[in-house]
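K.L.:
no sequence on hand, only this structure:
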């Protein structure tokens, strides 16, 4: 094998355009009852700030790992446009290996517009259909972090499972919306080969119910149910209520959310996952890994964008 890495991240890389608008704006109104954001039809709305930043679940985790001195490569696809150049530059500047990045000729890159209004985000996303024709041949890694891919995800997921079977790399898994929509039957094989599962409470309930391995919906009981599906370590995140974990011995732990005022929440879950996984790669115990993830996520939400607040190991300890 030609390369030896701490981790391969399989996911996406996008450019996010963050638009900030004043909380009291004559052309925007938030309905407190329906949570609908109402815009004056035909209006020209001034924007207070605009930033074009690297994002995407895969890129966020890869950059987060690299900041924590983990040798990581991102396996993802981009288009062949000005955004793909910005993606490549952003990854390289953060020390992420880009040898597995695939540029699709004559195709656009995935792009999102994220509207920040009254401390909440509304996301407009343009996802480009990809074949996800990844190849992990000639690459050696201790871990693979598998996260959300687009509609044509099943063959890519099967390829990752085959890779971890053949190489004995450990698999960390954080399913995305397409994967959760497909449900447990489509994810059963991946879960069976997972060493570390990241999932939120709602997703945990859905998987446990579909697997008919479900009694009550408390996070502690869900951890036990999900662990029976294959993963030796399971982490359930629950927003402001913090996160829960179960380790190989069956010990359950909980940590409250990081005490920080949120400016913008994009990338908090990715920051948590990268902090937790980095600690795991460094052979720290599960509760310390939770602290790393929690601190990393707490930092990210204090900035606009998913990566500006990602911490180094020294900053985690500081």
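P.N.:
Received the coordinates, thanks. As the structure is a computational prediction, the values presented were derived from the model and not from experiment.
K.L.:
and the helices in this protein, which stretches?
P.N.:
57-67, 82-93, 154-167, 177-182, 184-192, 201-210, 219-227, 268-281, 286-300, 313-317 (DSSP state H).
K.L.:
now the longest one: mean pLDDT?
P.N.:
What that stands for is helix 286-300. Helix 286-300 carries an average pLDDT of 98.
K.L.:
packing partners for that helix?
P.N.:
Applying 3 or more C-beta pairs under 8 Å, 6 or more residues apart in numbering; DSSP states H and E, one finds that helix 286-300 contacts strand 233-237, strand 243-246, strand 252-255, helix 268-281, helix 313-317. Heads up, the C-betas are built off the backbone N, CA and C, glycines and all.
K.L.:
can you pull the contacts of residue 157?
P.N.:
Listed by C-beta atoms under 8 Å, 6 or more residues apart in numbering, the contact set of residue 157 reads 146, 149, 179, 190.
K.L.:
follow-up on the earlier one: hey, which of the helices and strands packed on helix 286-300 is tucked in deepest?
P.N.:
helix 268-281 (a mean of 28; mean count of other C-beta atoms under 10 Å).
K.L.:
so how far is that one off the chain centroid?
P.N.:
Computed by C-alpha atoms, centre = their mean, to the nearest Å, the chain-centroid distance of helix 268-281 equals 9 Å.
K.L.:
leaving out the residues flanking it, which one is nearest to residue 163?
P.N.:
Distances taken as C-beta to C-beta, 6 or more residues apart in numbering put residue 136 closest to residue 163, at 4.8 Å, once the chain neighbours are dropped.
K.L.:
neighbours around that neighbour, how many?
P.N.:
The number of residues packed near residue 136 is 21, by other C-beta atoms under 10 Å.
K.L.:
surely it touches residue 8?
P.N.:
Yes - assessed by C-beta atoms under 8 Å, residue 136 is found in contact with residue 8 at 6.6 Å.
K.L.:
out of the helices of the chain, nearest to residue 13?
P.N.:
With C-beta to C-beta as the measure, helix 57-67 is the member of the helices of the chain nearest residue 13 (4.0 Å).
K.L.:
got a list of what residue 203 touches?
P.N.:
175, 180.
K.L.:
try it again at 10 Å.
P.N.:
Applying C-beta atoms under 10 Å, 6 or more residues apart in numbering, we find residue 203 in contact with 174-177, 179-180, 197, 222, 226, 236-237.
K.L.:
which PyMOL command selects the buried ones in those?
P.N.:
Restricted to buried positions by 16 or more other C-beta atoms under 10 Å, the PyMOL selection for the contacts of residue 203 reads:
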select buried, resi 174+175+176+179+180+197+222+226+236+237
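K.L.:
picking up where we left off before, and the helices and strands packed on helix 286-300 as a markdown table, adding mean pLDDT?
P.N.:
Below are the helices and strands packed on helix 286-300 laid out as a markdown table (pLDDT from 0 to 100):
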| stretch | mean pLDDT |
| --- | --- |
| strand 233-237 | 98 |
| strand 243-246 | 98 |
| strand 252-255 | 98 |
| helix 268-281 | 98 |
| helix 313-317 | 97 |
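K.L.:
quick one: those as a markdown table, columns for distance to residue 155 too.
P.N.:
Conversion of these to a markdown table gives the following (distance: least, C-beta to C-beta, whole Å):
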| stretch | distance to residue 155 |
| --- | --- |
| strand 233-237 | 26 |
| strand 243-246 | 31 |
| strand 252-255 | 36 |
| helix 268-281 | 24 |
| helix 313-317 | 36 |
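K.L.:
can you tell me which of these is nearest to residue 56?
P.N.:
helix 268-281 (8.8 Å).
K.L.:
got the angle between that closest one and helix 286-300?
P.N.:
Between helix 268-281 and helix 286-300, the angle comes out at 140 degrees (axes from the mean of the first three to the mean of the last three C-alpha atoms, to 10 degrees).
K.L.:
and stretch 193-208, what's buried?
P.N.:
193-201, 203-208.
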